[in-house]
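K.L.:
Pasted the sequence and its predicted model underneath.
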Amino acid sequence: MADVRDILELDQPLAPEISRETIIGQRKQRPTTTTKMSKRPEGMHREVFALLYNDNKDAPPLFPSDTSNGYKQTKIKLGMRRPRKWEWMPFSNPARDDNAVFYHWRRPSDEPKEYPFAKFNKKADIPTYTDNEYNQYLKSECWSREETDHLMDLAKRFDVRFLIMADRYDSEKYNKRSIEDIKDRYYKISGILGKLNGEKKVYTYDADHERRRKEQLKKLYERTPEQIDEEQFLLGEFKKIEARKKERERKTQDLQKLISQADNQNETPRKTDKKLPKKKIANPSRPSKIDTTHILQAVETAGIKFPDYKNSGVSLRSQRMKLPANVGQKKSKGIEQMLQDMNLELNPTPTEDVCQHFNELRSDMVLLMELKAALGTCEYELQSLRHQYEAVNPGKTLTIPPQLLSNNEQEGNKQLGPEIIDVVGSPGTPSIT
């Protein structure tokens, strides 16, 4: 307003200017209270002093708490309303059948609710049977009708807790029964009645297996310290034998690798030395002869030798179908391709017969691949000999007997007919420059 009056050249009023402070009033600064820290006496530990006093100089709490001040609220906050009353009121548990009445504190304003812990009273469904069902399906030579009724009554009373049922079993009136006998009779009855009611999944109990298991555990528990030490010693010796066996297998694999490398070097043609005189090299374009002795050796040692897994303890039968490490990637790919062509699974179900026959099949596949490779090498030798003969004797053709040719080679010769292309070159043929 003062600015507006100054612009309009009006006189300023004598009254004080209205501002925010004149309407609301000036804020009163609250006095800051500084808490005086109590000084710890000399010679007293800090932990002991913290138990006696705190920042507010309150007394230490009587019970341990998780707050810094000892209480959730330093001062109690009382309202103007009257506190709600609590009364000692009766209640009953619907899970009980004896109509027992108990008491607890409850507000009268709260509506009566069902006892919350009654929902934890779960009971097992005990099968029941009629006289016709028992006479037709449940009769047994070892169990009478009265003893069977007594067993089912115990199962109903103690919720199929077989240890308590065996303890409460009336051995004076009936025969002494073990836990396995009680379980066997109960599960047979429940299984037969379940099948009659149309249930698909029925639990079966093997009492003989359970008796053997407990007997083995008893023998294992009753071992003497000398027997335990002897077993540990035998296990250590067995581990040493297995380590030596693996070392021998590793050395055998290394030796086989060296032999295969030597065979591969024999297969590759030897390179001619450039420093030798030209007279010693008769026909440089002719392929050198290949020694076929390694072919026979490869055929004899072909196949896969699967290791024998005779380790103690639990082992997977599928380990027997695992290819050894000496089988190369090329052979493994060829085996997979042949299995796919035969519409067979790469990893069939490892039963005893399947493992044996599957390993024999893959070994025969490797033998077949080796035979094909040897056949290809022999055919290459025959063709090279034929070209050498035609190069030395121009105008003549060397006929190879059909017994020495494969089916593919015979079909190729029929398609070519009499036309023969000289890829080696004869001595009288002029060279193209």
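P.N.:
Here it is on my side, so go on. Residues are numbered from 1 along each chain as shown.
K.L.:
Packing partners of whichever helix in the chain runs longest?
P.N.:
Longest helix of the chain, by residue count under DSSP state H: helix 225-267. If you count contacts as 3 or more CB pairs under 8 Å, 6 or more residues apart in numbering; DSSP states H and E, helix 225-267 packs onto helix 293-300. Where C-beta positions appear, they are placed from N, C-alpha and C, glycine not excepted.
K.L.:
just to revisit the earlier point, from the chain's centroid, how far away is the longest helix of the chain?
P.N.:
In terms of CA atoms, centre = their mean, to the nearest Å, the gap separating the centre of helix 225-267 from the centre of its chain is 29 Å.
K.L.:
Same check on stretch 149-158?
P.N.:
Using CA atoms, centre = their mean, the offset of stretch 149-158 from its chain centre is 42 Å.
K.L.:
Kindly report the same for stretch 349-367.
P.N.:
26 Å.
K.L.:
which residues touch that stretch?
P.N.:
Stretch 349-367 is contacted from outside by 299, 302-304, 306, 316-318, 320-321, 323, 327, 331, 334-335, 338, 348, using CB atoms under 8 Å, 6 or more residues apart in numbering.
K.L.:
And that stretch, what's buried?
P.N.:
For stretch 349-367, the neighbour count (16 or more other CB atoms under 10 Å) marks 355, 358, 359, 362, 363, 365, 366, 367 as buried.
K.L.:
between the helix or strand where the fifth one lies and helix 225-267, what angle do the directions make?
P.N.:
Following DSSP states H and E, one finds residue 363 within helix 352-392. Note on geometry: by axes from the mean of the first three to the mean of the last three CA atoms, to 10 degrees, helix 352-392 and helix 225-267 are set 20 degrees apart in direction.
K.L.:
count of neighbours near residue 141?
P.N.:
5 (other CB atoms under 10 Å).
K.L.:
can you pull the pLDDT of it?
P.N.:
We note a pLDDT of 87 for residue 141 in this prediction.
K.L.:
swap in residue 398?
P.N.:
pLDDT, residue 398: 76.
K.L.:
thinking again about what came up before, among the buried residues of stretch 349-367, which two are most distant?
P.N.:
Greatest spatial distance in the buried residues of stretch 349-367: 355 and 367, 18.9 Å, computed using CB to CB.
K.L.:
who touches the residue most central in space within the chain in this structure?
P.N.:
The residue lying closest to the centre of the chain (CA atoms, centre = their mean) is residue 316, at 14.0 Å. Taking CB under 8 Å, 6+ apart, we find residue 316 in contact with residue 350.
K.L.:
do residue 92 as well
P.N.:
Residue 92 touches 99, 100, 101, 102, 115, counting by CB under 8 Å, 6+ apart.
K.L.:
Flag every buried residue along the strand or helix carrying residue 339.
P.N.:
In the assignment (DSSP H and E), residue 339 maps to helix 329-341. By neighbour count with 16+ other CB under 10 Å, helix 329-341 contains the buried residues 331, 334, 335, 338, 339.
K.L.:
Equivalent analysis for stretch 153-170, please.
P.N.:
So for stretch 153-170, counting by 16+ other CB under 10 Å, buried means 154, 155, 160, 165, 166, 169.
K.L.:
Select, from these, the two members most distant in space.
P.N.:
The span of the buried residues of stretch 153-170, defined through CB to CB, is set by 160 and 169 at 13.8 Å.
K.L.:
residues in contact with the helix or strand containing residue 151?
P.N.:
Using DSSP H and E, residue 151 sits in helix 145-157. Here helix 145-157 makes contact (CB under 8 Å, 6+ apart) with 124, 126-128, 134, 138, 140, 143, 165, 168-170, 173-175, 182, 185-186, 189.
K.L.:
Can you tell me how far the residue nearest to the centre of the chain is from residue 322?
P.N.:
9 Å (CB to CB, to the nearest Å).
K.L.:
Residue 256 too?
P.N.:
With CB to CB as the criterion, residue 256 and residue 322 are 18 Å apart.
K.L.:
Break the protein down into its domains, please.
P.N.:
Following automatic domain parsing, one finds the domains of the chain at 87-120, 131-221, 285-309+318-422.
K.L.:
Could you dump those domains into JSON lines and include distance to residue 2?
P.N.:
Below are those laid out as JSON lines (distance: least, CB to CB, whole Å):
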{"stretch": "domain 87-120", "distance to residue 2": "64"}
{"stretch": "domain 131-221", "distance to residue 2": "92"}
{"stretch": "domain 285-309+318-422", "distance to residue 2": "97"}
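K.L.:
what's the closest of these to residue 44?
P.N.:
Among the domains of the chain, domain 87-120 comes nearest to residue 44, with 44.5 Å by CB to CB.
K.L.:
Report the buried residues of that closest one.
P.N.:
For domain 87-120, the neighbour count (16+ other CB under 10 Å) marks 93, 115 as buried.
K.L.:
How far does it stretch from one end to the other?
P.N.:
Domain 87-120 has an end-to-end distance of 26 Å (criterion: CA to CA, to the nearest Å).
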